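> whatever this is, show me its structure:
(chains A and B)
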Number of protein chains: 2
Amino acid sequence: MMTDTDATPPQDAQPINAVTVDAILAAVELGARERLVSLLDPLHEADIADLLEQITVDERHRLVDLWGTDLEGEFLSELSEGVRDDLLTHIDDEILASAVQEMETDDLVYLVEDLGEAQQAKVLDALDGADRVAVEASLQYDEDTAGRLMSSEMVVAPRHWTVGEAIDFMRAEDDLPEQFYKIILVDAGMKVLGTVPLGRVMAHRREVALDSIADLEPRVFRADQPGEEVAYAFNQYHLISAPVIDADERLVGVITIDDAIEVLQDETEADMKRLAGVGNEELSDSVWSTTKLRFPWLAINLATAVLASLVIAQFDAVITAVVALAVLMPIVASMGGNAATQTLTVAVRALATRDISRANALRIIRREALVGLLNGAAFAVITGIISLVWFGSPVLGVVIGVAMVLNLLVAGLAGILIPMGLERVGADPALASGTFVTTVTDVVGFFAFLGLASLFLL
Amino acid sequence: MMTDTDATPPQDAQPINAVTVDAILAAVELGARERLVSLLDPLHEADIADLLEQITVDERHRLVDLWGTDLEGEFLSELSEGVRDDLLTHIDDEILASAVQEMETDDLVYLVEDLGEAQQAKVLDALDGADRVAVEASLQYDEDTAGRLMSSEMVVAPRHWTVGEAIDFMRAEDDLPEQFYKIILVDAGMKVLGTVPLGRVMAHRREVALDSIADLEPRVFRADQPGEEVAYAFNQYHLISAPVIDADERLVGVITIDDAIEVLQDETEADMKRLAGVGNEELSDSVWSTTKLRFPWLAINLATAVLASLVIAQFDAVITAVVALAVLMPIVASMGGNAATQTLTVAVRALATRDISRANALRIIRREALVGLLNGAAFAVITGIISLVWFGSPVLGVVIGVAMVLNLLVAGLAGILIPMGLERVGADPALASGTFVTTVTDVVGFFAFLGLASLFLL
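So this is what the prediction gives:
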């Protein structure tokens, strides 16, 4: 969907502020329908969606009930998945059917793709024939593909047309997309021959042939191509819109930049959350579902923590003899974990933006090892001195120093090699990296520190 | 900049592959200029920039030297800052001057904004009068503002024009922007009155007045507005381009979606890195500068780790008596740190996307506390049983269990309250959150576990 036609004062950076929310909730409380409609009317559908995500389930249901027949469907495609599914189940069938009439097909696909069959049929039945066919065609493609992102709203011209013919066609056409940026030139078999940006159509005289001013090898996506690749290409090549073709190379739709941005943002957010051991949770999720989503990650962390404890348990004799070791050992582990997380985050990000290639992989690994060694040396000196001053033992200072160098070197190597290895075998570099890497640094850190201590302090 | 007109086969998701890189480096090695130019010619400038970021400094210099007078400036604005500054210093003055001629003013601003005065003057001198004025005007605004993102390439029309007059003007104009999406309607004082999407111009007959089909209250940004707000609005409202006005409300430029995406991606990446304790580093940075950039974050982590050690040191008597405590205590700290990082990441992300507001703040805090309690209870049972089985001590099992509940509750609260507090006082919620939060969970975890152990195990 592409609309930026709404009338809103420019300075208002956050239109959904506490005052608006309070006024809207008060209207809902009082059942003041006209007041509610007049409060919602100036808001952009994305802001209405934000509002609905921020209030409670109960308030949300009462709001849409009161809104009733004035409800416009566009905000539904702006909702996060959890709230969207809740509302689709709640909203009255007839109201939903009329609300979705004006929506664009890519937004409709987002709306219905996770619905059960019965509910999906309910929405599809409400659509006119062409929209319904387009939505059903889109749903044929797997989730997270270009086919799911595309819209069927586009302007297509036969290659032999002139600028004048294109303009006459558009003037005569009642059902042009609300926003479009290119005319797509096709042959009789709907094969894409080129695209003409609207600005270029405008800049030429009526008699100029469209194909003489077209980009004849535009970037085109296959409908079964992963959405992630589409997002990468839109970002890398500053695309605004691009045609989508099916397996027979026939034009089936067009993807616009806003859909690509959404995928791009979702990918980055997912990496960020996976690194932190958070699954696909939403702020509007319930306590119980959030608890369940976070549990497995914590369980994995527990398993790795127990592994580290098993290492410590091997050295109980030296810890009993020198209790300073128990005091200092979290420092070694914490520094290793922190250094590894630094490298890991940079690596995961660089892999996502395809900045690591065969050309620079070895150089980057070497760099991380050297950075680990250098910071390891620096913190070896610092922690050595702290330990010496604190416990008065030069040997303890040397032991923690050596363990620090070793652990920060290993942290750098694990932080880069583990995500690169996961990527190489086709796994998600962000997914389990954090756990692997912390396990490595914990085990190495405790083993080096306590092992050296057993050798030199017992 | 907005170009997607390059001829590249659609299927090629990663055009800079190992084969291309090897062929290009071989050409550089042999000094085969024509071969180099023919290899670079089909590549998009963004891919050339990626290539230059992936090879060594030395290879990079030799490549641009060999490229010489065929060098086209567009790729310069696609480079990361470090590589950009290195190349601007390296490239011959005359070649640079001719390379920047064709660039758009927003890209030129990115190119010169961090240059020293002498070098900036060198590039500015190479520009024609209008471009130079536009770049200098843009540089008057602070970094990271709308004024720095805007381009002066736009199509403006007086409000009384008709569709026909606008089309005639564009046909007559030699110097239209390569890509534009809207006509901006202005009054005699250059005040923005509305915008007309090109598709709508095309859909209407020549005699229709532009202002009758214009969006009369378009979203407009002030040149001194933070780029972050611009990026948020482009993403939230699916904008494609938007006018920029100065303090006197005069139209001074236009921001397009690609610039907004870049800010959006940069912000998210920055949050991700700050959470991991990584500064503004780039993959192409040297070992030494990376080491220096990461050192302060590790130093802060050391300080907090020492704080945790000070807590442990208070309990040396009980650790000497029950060495199992030393074995188990990293588990308590690690689980707390992990749970806190989960909450923290969700909170930082939600604050960045403005999903936390006064309307839902209390509910979210309550949710995090409850999730912490529930997972705390679950892992209290699990770790309690592990400890009981491992060390045969029921009391030890209860002690670790109680410490676990406490620590995961505190982790949830710290993970949400600290970033929200930082945001409230105008600080960056991602910046120091990680350190604060881990300090809290380490201190609470060790204190609860060892404190309870002293009470019940001594």
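
> now the helices for the stretch 101-250 of chain A?
A:105-112, A:117-126, A:129-139, A:146-149, A:163-172, A:198-202, A:210-213, A:227-237 (DSSP state H, counting those that start in this stretch).

> please identify the most buried of these.
Here the criterion is mean neighbour count by mean count of other C-beta atoms under 10 Å in any protein chain shown, and of the helices of the stretch 101-250 of chain A the winner is helix A:146-149, at a mean of 26. Every residue, glycine included, has its C-beta placed from N, CA and C.

> for that helix, what is the average pLDDT?
Helix A:146-149 shows an average pLDDT of 96 in the prediction.

> what about that helix, distance to the chain center?
16 Å (C-alpha atoms, centre = their mean, to the nearest Å).

> list the contacts of it.
Applying C-beta atoms under 8 Å, 6 or more residues apart in numbering or on different chains, the external contacts of helix A:146-149 come out as A:106, A:109, A:113, A:137-142, A:221-227, A:229-230, A:244, A:252-253, A:255, A:259-260, A:263.

> and what of stretch A:363-379?
For stretch A:363-379, contacts defined as C-beta under 8 Å, 6+ apart pick out A:335, A:339, A:343, A:347, A:350, A:356, A:404-413, A:415-417, A:420, B:56, B:283, B:286-288, B:290-291, B:294-295, B:298, B:302.

> try 6 Å
Applying C-beta atoms under 6 Å, 6 or more residues apart in numbering or on different chains, the contact partners of stretch A:363-379 are A:343, A:404-405, A:408-409, A:411-413, A:416, B:287, B:290-291, B:295, B:298.

> mind checking which of the residues you listed are in helices?
By the criterion of DSSP state H, membership of these in helices covers A:343, A:404-405, A:408-409, A:411-413, A:416, B:287, B:290-291, B:295, B:298.

> where do the strands sit along chain A?
Along chain A, the segments classed as strands by DSSP state E run A:156-158, A:182-186, A:192-197, A:221-222, A:241-245, A:251-256.

> distance-wise, check the spatially most central residue of chain A relative to A:Asn280.
Centroid-nearest residue in chain A: A:Asp266, 1.2 Å away (criterion: C-alpha atoms, centre = their mean). Distance from A:Asp266 to A:Asn280, counting by C-beta to C-beta, to the nearest Å: 10 Å.

> CSV for the contacts of stretch A:363-379, including pLDDT and distance to B:Asn235?
Formatted as CSV, the contacts of stretch A:363-379 follow (pLDDT from 0 to 100; distance: C-beta to C-beta, whole Å):
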residue, pLDDT, distance to B:Asn235
A:Thr343, 94, 30
A:Met404, 97, 43
A:Val405, 97, 44
A:Leu408, 97, 38
A:Leu409, 97, 41
A:Ala411, 96, 35
A:Gly412, 96, 35
A:Leu413, 96, 37
A:Ile416, 95, 31
B:Val287, 92, 36
B:Thr290, 92, 31
B:Thr291, 94, 35
B:Phe295, 94, 35
B:Leu298, 93, 34
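
> scan those residues and report the most crowded one.
Most neighbours among the contacts of stretch A:363-379, by other C-beta atoms under 10 Å in any protein chain shown: A:Leu408, with 33 neighbours.

> mind listing what that residue touches?
A:339, A:372, A:375-376.

> helices - which of those residues land there?
Cross-referencing the contacts of A:Leu408 against helices under DSSP H gives A:339, A:372, A:375-376.

> quick one: least confident of those?
Lowest pLDDT among those: A:Ala339, 94.

> what's the closest non-adjacent residue to that one?
In this structure, A:Ala339 finds its nearest non-sequential neighbour in A:Ala411, 4.0 Å apart by C-beta to C-beta, 6 or more residues apart in numbering or on different chains.
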